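**Q** 3D model of this:
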Amino acid sequence: MVTREVLIGKIIQQRQPFVQRIEQVEHKLKESQENLKELENLRISLIPKLDDPIVLELFKKLSLDDLQKLIDEDLRALQKLKRRFKRSTLNIGVVGRARQGKSRFLQSVSGLTRSEIPDGDREHCTGVRSTIYHKQDGSQKTHGLVYFHTQESFLEEIIKPYYEQLSLGNLPNIQDFARNSLPELPETSKKLAEYKAKYEHLKKYKDYFDKYFKFLGTTQDKPLEITKEQIREYVAQDDENGERIYFRYLAIKEVKIFCPFPQKEVGKIALIDLPGLGDTGIGDEARLVKTVGEDVDVIIFIKKPQKGDYWADVDVKLYDIAERSLIELPVNLWSYMILNYTPTLVDNYVNCQDLQKSIKQQHIDVIQSLIVDCADKDQVAGFLDTILNYLAHSINDLDRKYARSCQIRLQELEKTVNEELINVRNLLSNYANTSRQFLGLFNQFMDKLSESMRTLNEEFKEGMTKNDPEFEKQVKKALEDCKLHLHIPDEGKITQRAYSPDDKGSHQIAYLQYIAELRANISQNFHLLDCGLQDSIANFKSRVADTLISQVGLGDITTKRNADFILVMADKFAEKNNKLELGFRTFYDYEMSYGSLLLRIIRGHLNSSLSPDTNTLELKEMTPQTVKKNLQSLYDEIIKKCEVTLNNWLTVPSEVQYYMLEEFIDRILYADGMKDEWFAFLDDTEIRSLVWTEFRQIEERKRLQETWRQQVNLARIEPNSLDFMNV
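**A** Residues are numbered from 1 along each chain as shown. Take a look at the predicted model:
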């Protein structure tokens, strides 16, 4: 048959695997908190960058504190559960107001005496929390381990609550607390007896500071081990004679006492002795809540009924304190009430019965209320059997209920955090929404493109009848060169040429040769007109490019300017398989040249007037003088013809440019589907941010939006990542 001792040991062992799983969930929660902190830092850093007043206001109002608080609360609840499962003992907490028999009960269970566990009928005699462990090593030796406060925990946990509740100002450091007088109570508090009593309690820490200060922080590395005979000096306020001579307890955080319990098969259990409530010390209630919530598996309330006694408010309050200490597990499933029967002092059995009958009416709901003489070891042993049997058979269910409650709480936390973060993520959901804005800007763009092209077209249409300045300048230069450089030989050169071996002494042959040379020289001068035409077309393309850059707003797409801008645009359209490429590429490739426009006409004049086959002279006329005269006549005639022709052509480049512009406009505006092609081109993320400053801001908005989205996603709790048990 499995003994109770073995069963309790097995229960403790079964708790251990949960610890590691709970620690993993703790890590996840702390990680989520860190991510929320990063999200909060990002929120603060984004506020100066937000340019939407509505979004800015939402970001200013956004607070992630509530989520942090929720996680903090669940972390604390989880840490309590972990502490429960990590314990190597089943802990029984004993709670009661002063002078109710709590110390007598602990003496009966543990076998210790009033020398180690003080009791008294005057004031509070127990000064600190004590935990009494059942030794199972067979040793009969009793000893204790003392854990003192550090200076920091002493100020934070003991002194600070007084300063806050009594409104004494800022918490001093340890040196100032020792040196300086206590601040006076505020005038309003001096009128209240409760506050004055609490102030006197604080004065005790101040007045006896020298008696306990040296102990603060001395057990950080290891606890102080004490003998059985020393225990009272550390846990009590008075000696066995009732004299208040002990003050070390003021510096103590906890004392652990190890002794063999007289009762058999109790197993790995511990008794937690909490200082009696009802004193005026501030913080006792909070410490009771913490201890009961974190360190107790079952709690025993002890009340000693007196003649004419009743369930007082303080009794109900004590129960309420225990109830709120562990909200995840109803206290009625893990609590007992002892009504302390005192036959050797005053026979209060009837009083015990009366209170036992009326306990339910006070909503003090426990597993069982029993009348027990706390000074009777046999009665206490019987009661302890009841508790241990209950624990042995019920603690697993209690653990599961507790764990399930925590698990459900974590699932609700996961849902709450993630739902809230969806709302948080959506704060910037429309921040970079470009659809409506793009459509408006695109329509404005098309209006500007149409208007600028129309204006440019009208300008070039008006200029069709005007001389092209670049071409006109080059024509004048070519004609001037023709007039300055006649290329007509003098009579000596004519004679020399005629009597050269090649010409056989023939002026006719020399004349015909000079005609061909004259034609070539004149033609060469007119080839310079090509420069004027090229300059004209370059200026024309630059003018169109400048309109697209400065008036339409395409300038930031490339740093190239003039005709090179047109080429880059054609290439960009080609990269995107956009039909606008045809218009830009064709426009870029348009050229005007002397060869394509004027060569045929000029050459006709030259060929008709300066052809050797049509310009023969009779032999009798062939003299150097007649050759020169005739060459001059022909030269003047052909230059005149060319001048007339070229002057008539001075407007042609303007006409050609106008028609080139009309063709370009047709290709980029009026051809079927061109608006759609512009839409597709400008809807590209990169392009639109180059065309519109608004979209440069939007690209920055999108970057901020993505950064925010990523950090929010990091802060989300992954589904099922908080599961540590199957609910």
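**Q** a helix runs through residue 2, doesn't it?
**A** No: per DSSP: H, G, I helix; E, B strand; the rest coil, residue 2 lies outside any helix segment and is coil.
**Q** contacting residues around it?
**A** Contacts here follow CB atoms under 8 Å, 6 or more residues apart in numbering; on that basis residue 2 touches nothing. Glycine gets a C-beta too; all of them are placed from N, C-alpha and C.
**Q** immediately after the lowest-mean-pLDDT helix or strand in the chain, which helix or strand?
**A** Ranked by mean pLDDT, DSSP states H and E, the weakest helix or strand in the chain is helix 594-597, scoring a mean of 67. The helix or strand immediately downstream of helix 594-597 is helix 599-609, counting by DSSP states H and E.
**Q** name the helices or strands packed onto that next one?
**A** The helices and strands touching helix 599-609, judged by 3 or more CB pairs under 8 Å, 6 or more residues apart in numbering; DSSP states H and E, are helix 507-527, helix 624-648.
**Q** can I get the ones you listed in JSON lines with mean pLDDT?
**A** As requested, these are exported to JSON lines (pLDDT from 0 to 100):
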{"stretch": "helix 507-527", "mean pLDDT": "81"}
{"stretch": "helix 624-648", "mean pLDDT": "86"}
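**Q** Of those helices, which stretch is the most buried?
**A** When the helices and strands packed on helix 599-609 are scored by mean count of other CB atoms under 10 Å, the highest mean neighbour count falls to helix 507-527 (a mean of 19).
**Q** orientation of the very next helix or strand once past that helix relative to helix 624-648 in degrees?
**A** The helix or strand immediately downstream of helix 507-527 is helix 529-546, counting by DSSP H and E. Here the directions of helix 529-546 and helix 624-648 differ by 10 degrees (axes from the mean of the first three to the mean of the last three CA atoms, to 10 degrees).
**Q** Residue 101 and residue 374 touch, don't they?
**A** Yes: applying CB atoms under 8 Å as the test, residue 101 and residue 374 come out as touching, 4.0 Å apart.
**Q** Direction included, what does the longest strand along the chain pair up with?
**A** For the chain, the longest strand by residue count, based on DSSP state E, is strand 252-259. Strand pairing for strand 252-259, using DSSP bridges, gives strand 130-134 (parallel), strand 143-148 (antiparallel).
**Q** hey, least reliable of those by pLDDT?
**A** Ranked by mean pLDDT, the strands paired with strand 252-259 end with strand 130-134 at the bottom, a mean of 93.
**Q** Tell me the gap between that strand and the middle of its chain.
**A** Offset of strand 130-134 from its chain centre (CA atoms, centre = their mean, to the nearest Å): 48 Å.
**Q** Please apply the same query to stretch 143-160.
**A** Chain-centre distance of stretch 143-160: 39 Å, with CA atoms, centre = their mean.
**Q** what do you get for stretch 486-499?
**A** Relative to its chain's centre, stretch 486-499 lies at 95 Å (CA atoms, centre = their mean).
**Q** and it, how far apart are its ends?
**A** Taking CA to CA, to the nearest Å, the first and last residues of stretch 486-499 lie 23 Å apart.
**Q** buried stuff in that stretch?
**A** Using 16 or more other CB atoms under 10 Å as the test for burial, stretch 486-499 gives 488-489, 494-495, 497-498.
**Q** which other residues reach stretch 477-487?
**A** For stretch 477-487, contacts defined as CB under 8 Å, 6+ apart pick out 517-518, 521-522, 525-526, 528-529, 632, 635, 639, 642-643, 646.
**Q** how about 7 Å then?
**A** Residues from elsewhere that reach stretch 477-487 (CB atoms under 7 Å, 6 or more residues apart in numbering): 518, 521-522, 525-526, 528-529, 635, 639, 643.
**Q** remind me which residues of the stretch 451-600 of the chain are low pLDDT?
**A** Along the stretch 451-600 of the chain, the parts satisfying pLDDT under 70 run over 503-505, 594-595, 599.
**Q** hmm, back to that, which among the buried residues of stretch 486-499 gets closest to residue 656?
**A** The shortest approach to residue 656 among the buried residues of stretch 486-499 belongs to residue 488, at 35.1 Å (CB to CB).
**Q** Quick check: that closest one is in a strand.
**A** No: counting by three-state DSSP, one finds residue 488 to be coil, located in no strand.
**Q** Kindly provide the distance from it to residue 515.
**A** Between residue 488 and residue 515 the computed distance is 11 Å (CB to CB, to the nearest Å).
**Q** First-to-last residue distance for stretch 209-225?
**A** Terminal residues of stretch 209-225 lie 23 Å apart, using CA to CA.
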